[in-house]
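Student: here's a sequence, model it:
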Amino acid sequence: MLSIGELARASGLSISALRFYDKARVLTPHAVDPRTGYRWYTDRQVDAAVLVAAMRRVGMPVKEMVAVLSGSDAHGLLDRHLGRLEQGLDDARRELTKIHRLLDARADRESTVVLRTADLLAAVGAVRFAADAESEFPVLRGCLFETDHDVLRLVTTDRYRLAVGTAAVLEPPVDPISVVVPCAFLDVAAGLLRRHRTVTVVVGADSITLRCGREQLTTGLVVGAFPDHRGLSPRDPGIEHTFSSATLRALLADAGDRVDLGVLESGEIVVGHPGTEQPVRFHVQVNAGFLLEAVDALPGEQLTFRVGGPITPLAIRPRSVHTSDPASAYSLLMPLQPEALT
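Tutor: Next up, the predicted model:
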């Protein structure tokens, strides 16, 4: 006699499958211990279990399994099931052919979005500094263009900082856009954009074109997956403090390679090491040059800093917008390894 575990190993069926086929009256045990409920099978039932496992793999219905094991037109049942499988395979081939055609048509279809050139230039200006022109990774030398409802979002990153800019969409695309554009192309296109009021951005399968009236520029898209900027965007409210852009530029002028941000118990954020008797909750240290570039790139006379802790990114945005707003512009700076303050 074989236990259910031994029959499972001999047949290739799992114990749970054998229990199911017992309840379905496909393969019932020779005996069941009334005290323990253990199922016991004979050696002859191994062949039946192997047949059940084979029929299970090809999707044979349970009722037909019973008929095959009973010997009632077994070969005819198997042949008819094979016919159904072949018909299903033909149907699947036809559907997959349709899917291939739809994908090819989708790839060939161009997506277009219309913007004010001034908005696009401002968005490029807000993010250009964070791209790494020397990176070995093409996507880090590029700028992500993605549509989000009535907004075109531009994103750049060199993995140490991230910048987001937005431009209002005048005519949204039929299908969402998410492509990486070489920053060098945007630099060249600036002259074209300054000569016109609106631009039509045309995105094809492997290229992007900027059309302004009768003038246009085209380049190939960057191949590769852009880093997930949404995963980096701060979600915790954190501690916020607003500075004037002019004050920040003055504080950063002689800051050296790094600058310290002290978060006081009062919630105020101080830049550098100004004398204060208030207790400091924690410090955040960032690259001073990167911070100055972010200050210069973001619009507005007042910028809001937001920090969540000493090792979380520093978020910088114009005072009038929020990083949780899909239409907002902001920058993130990764914190540096802390150094002792003197």
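
Student: hang on, residue 63 in a helix?
Tutor: Yes: counting by DSSP: H, G, I helix; E, B strand; the rest coil, residue 63 is part of a helix.

Student: gap between it and residue 27?
Tutor: Noted for residue 63: a distance of 14 Å to residue 27, by CB to CB, to the nearest Å. For the C-beta atoms, the positions are set from N, CA and C on the backbone; glycine is no exception.

Student: those two: which is more packed in?
Tutor: Higher neighbour count among residue 63 and residue 27: residue 27, with 23 against 12, using other CB atoms under 10 Å.

Student: report the contact partners of the more buried one.
Tutor: Going by CB atoms under 8 Å, 6 or more residues apart in numbering, residue 27 touches 18, 21, 45, 48-49, 52, 69.

Student: dump the residues you listed to JSON lines, plus neighbour count, pLDDT and secondary structure.
Tutor: Shown next, in JSON lines, are the contacts of residue 27 (neighbours: other CB atoms under 10 Å; pLDDT from 0 to 100; DSSP: H, G, I helix; E, B strand; the rest coil):
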{"residue": "18", "neighbour count": "22", "pLDDT": "94", "secondary structure": "helix"}
{"residue": "21", "neighbour count": "21", "pLDDT": "93", "secondary structure": "helix"}
{"residue": "45", "neighbour count": "20", "pLDDT": "92", "secondary structure": "helix"}
{"residue": "48", "neighbour count": "19", "pLDDT": "93", "secondary structure": "helix"}
{"residue": "49", "neighbour count": "22", "pLDDT": "94", "secondary structure": "helix"}
{"residue": "52", "neighbour count": "25", "pLDDT": "94", "secondary structure": "helix"}
{"residue": "69", "neighbour count": "16", "pLDDT": "90", "secondary structure": "helix"}
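
Student: okay, those residues in JSON lines with distance to residue 154 next?
Tutor: Listed next are the contacts of residue 27 as JSON lines, based on distance: CB to CB, whole Å:
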{"residue": "18", "distance to residue 154": "59"}
{"residue": "21", "distance to residue 154": "59"}
{"residue": "45", "distance to residue 154": "68"}
{"residue": "48", "distance to residue 154": "66"}
{"residue": "49", "distance to residue 154": "62"}
{"residue": "52", "distance to residue 154": "60"}
{"residue": "69", "distance to residue 154": "66"}
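
Student: where does the prediction get shaky in this protein?
Tutor: In the predicted model, the chain carries pLDDT under 70 at residues 105-108, 231-237, 273-277, 320-327, 340-342.

Student: per-domain residue ranges of this protein.
Tutor: What automatic domain parsing lists as the domains of the chain is 2-72, 111-220, 233-333.

Student: make a markdown table out of the ones you listed and add distance to residue 83.
Tutor: Below are the domains of the chain laid out as a markdown table (distance: least, CB to CB, whole Å):
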| stretch | distance to residue 83 |
| --- | --- |
| domain 2-72 | 12 |
| domain 111-220 | 41 |
| domain 233-333 | 54 |
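
Student: looking at those domains, which is buried most?
Tutor: Among the domains of the chain, judged by mean count of other CB atoms under 10 Å, the one packed with the most neighbours on average is domain 111-220 (a mean of 18).
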